[in-house]
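> A predicted structure for the sequence below; I have some questions about it.
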Amino acid sequence: MWSMYLVRASQSSIVRRSALAGRGIFAVKAVEAGTPLFVTEAVSVGRAMLPDRADQSRELAQLVMWKGFVEQVLEVVKRCGRTLRLIYALSADEVPETELFRPNSKVRAFLNEKPDVGRILEVLDVNSLTEEAISAKKLGSDDGGCHGVGLWLLASLVNHSCTPNARRLHIGDHMVVFASRDAKAGEEITFAYFDVLLPLKKRRALAKAWGFQCGCERCVFEEGACHAEEIEGVVEGEGDAGKAVVRLEEGLKRWATKARERGWLRASFWEAFLECYKSEKTMRKWGRRIPAEAVVAESIAEAVGGDERSVEGGGGGGEEEWRRRGGGGV
Ligand SMILES: C[S@@+](CC[C@H](N)C(=O)[O-])C[C@H]1O[C@@H](n2cnc3c(N)ncnc32)[C@H](O)[C@@H]1O
């Protein structure tokens, strides 16, 4: 009823206890950006055409899509005890054995067990993924532009991080999870559940809407760096993006931040950077005290993983070159 296979001799990812949440998926060996980590086929996907974002019938279309999806999952588990066992493993406290997720697993399935619909719905509520998401891309248009919500068992164990290292690619009912930046052996594989080019306060609110408080290393760093709140105050209070960016860049030098930390903080204030780049007047006013867009885009991409929105724009030369030419001087 379902199939899932791991690329690279079934060794790229395993399920382990996560410091972020109960369980998570970890890289067994170091991976470079772009490396496929695993491929997994959906238990089921409910698809529907979604009207324009502003259109209220969009909500109705989403409901119909969700209802169809739930019905399909219930059909599958009625016929396949193994899928039922895997779904229950998603909401259990203990770390499920990786063996359970292998296609030819010898782990015994539940046979003739009546599915607990309430429990399944609870699992679907927190584990279903949409094809149209911040960390996802969809290939192929055979389905006429339909969007879907589905359950991809192994991928649903991937936790959120504001400094994610993986993205997903949807091809039909299959999902390919690949590294969006280099990751070390033993590092947890994470997606962005929501936009991470946002300040800490906004990210906290989004995580809350998902029902958790994010404990990723970027959030921990930014919570400790009170400067982040100070800069946030400048951006919101004065409404002068140029001044805020220059203060942030001065701070990055003063606080002796590491390259990753600089990327995180720039990602948090990306909106202010963008406002500057859109205004010739601002760029003229602050000159080299505002780093080139390509420098900031590269720094953000290295820290929070590739995202096409962060690699727009020209400039070039990188951070070292920008500093060498006297950029960022106080
Ligand atoms: C799709 S599940 C991820 C797998 C989940 N950890 C598990 O063991 O089943 C989503 C849930 O994991 C938890 N979670 C994910 N990312 C988290 C994070 N960065 N910090 C805390 N909890 C997180 C939240 O409870 C969230 O609702």
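Good, I have the coordinates.
> What ranges does the stretch 151-300 of the chain have for its strands?
Under the criterion DSSP state E, counting those that start in this stretch, the stretch 151-300 of the chain contains strands at 159-160, 166-171, 174-179, 188-191.
> Sheet partners, orientation included, of the first one?
When you say that, I think you mean strand 159-160. Strands that pair with strand 159-160, judged by DSSP bridges, come out as strand 188-191 (parallel).
> Buried residues of the strand it pairs with, list them for me.
188-191 (16 or more other Cβ atoms under 10 Å). For glycine as for every other residue, the C-beta is placed from the backbone atoms N, C-alpha and C.
> Check whether it comes near the ligand.
No. Strand 188-191 does not reach the ligand (Cβ under 6 Å from any ligand atom); its nearest approach is 7.3 Å.
> average pLDDT for that strand?
The pLDDT scores in strand 188-191 average 94.
> Ok, stretch 120-133 next?
Per-region confidence: stretch 120-133 scores 92 on mean pLDDT.
> where does that stretch sit relative to the chain's centre, distance-wise?
15 Å (Cα atoms, centre = their mean, to the nearest Å).
> neighbouring contacts of that stretch?
Residues from elsewhere that reach stretch 120-133, judged by Cβ atoms under 8 Å, 6 or more residues apart in numbering: 45, 50, 69-70, 73-74, 77, 87-88, 90-91, 136, 138, 147-152, 155-156, 168, 170, 175, 193, 211.
> Not counting sequence-adjacent ones, nearest residue to residue 169?
residue 176 (4.5 Å; Cβ to Cβ, 6 or more residues apart in numbering).
> Relative to residue 120, how far out is that neighbour?
Going from residue 176 to residue 120 by Cβ to Cβ, to the nearest Å gives 26 Å.
> any idea of the pLDDT on the residue nearest to residue 52 when sequence neighbours are not counted?
Closest residue to residue 52 apart from its sequence neighbours, by Cβ to Cβ, 6+ apart: residue 58 at 7.0 Å. Per-residue pLDDT puts residue 58 at 79.
> Any idea how many residues pack against the nearest residue to residue 167 once chain neighbours are set aside?
Excluding the flanking residues, the one nearest residue 167 by Cβ to Cβ, 6+ apart is residue 180, at 4.5 Å. When neighbours are counted by other Cβ atoms under 10 Å, residue 180 registers 23.
> middle-most residue in the protein, spatially?
Centroid-nearest residue in the chain, with Cα atoms, centre = their mean: residue 192, separated by 1.5 Å.
> now it: how far from residue 122?
The value you get for residue 192 to residue 122, if Cβ to Cβ is used, is 24 Å.
> that older thread, helices - which of the contacts of stretch 120-133 land there?
Among the contacts of stretch 120-133, the members found in helices (DSSP state H) are 69-70, 73-74, 77, 87-88, 90-91.
> Residue numbers of the stretch 1-150 of the chain in contact with the ligand?
So the stretch 1-150 of the chain meets the ligand at 20-24, 90, 126-127 (Cβ under 6 Å from any ligand atom).
> at 8 Å what do you get?
By Cβ under 8 Å from any ligand atom, the residues of the stretch 1-150 of the chain that approach the ligand are 18, 20-24, 90-91, 126-127, 129.
> Need the worst-confidence member of those residues.
On pLDDT alone, residue 91 ranks lowest of those, at 76.
> Would you confirm that it contacts residue 119?
Yes. With contact defined as Cβ atoms under 8 Å, residue 91 counts as touching residue 119 (6.7 Å).
> Residue ranges in the stretch 1-150 of the chain under the pLDDT threshold?
Low-confidence segments of the stretch 1-150 of the chain (pLDDT under 70): 1-13, 103-104, 107-112, 141-145.
> the strands in it, which residues?
Under DSSP E, counting those that start in this stretch, the stretch 1-150 of the chain gives strands at 4-5, 13-17, 23-27, 36-41, 44-48, 129-130, 136-139, 147-151.
> Mean neighbour count for those strands - can I get that in CSV?
Formatted as CSV, the strands of the stretch 1-150 of the chain follow (neighbours: other Cβ atoms under 10 Å):
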stretch, mean neighbour count
strand 4-5, 18
strand 13-17, 18
strand 23-27, 21
strand 36-41, 21
strand 44-48, 23
strand 129-130, 19
strand 136-139, 15
strand 147-151, 24
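> thinking again about what came up before, if you compare the strands of the stretch 151-300 of the chain, which one is most tucked away?
Stretch with highest mean neighbour count among the strands of the stretch 151-300 of the chain: strand 188-191 (a mean of 24; mean count of other Cβ atoms under 10 Å).
> Residues contacting it, please?
Strand 188-191 is contacted from outside by 13, 18-20, 24-27, 37, 135, 158-161, 163-168, 177, 179, 183, 216, using Cβ under 8 Å, 6+ apart.
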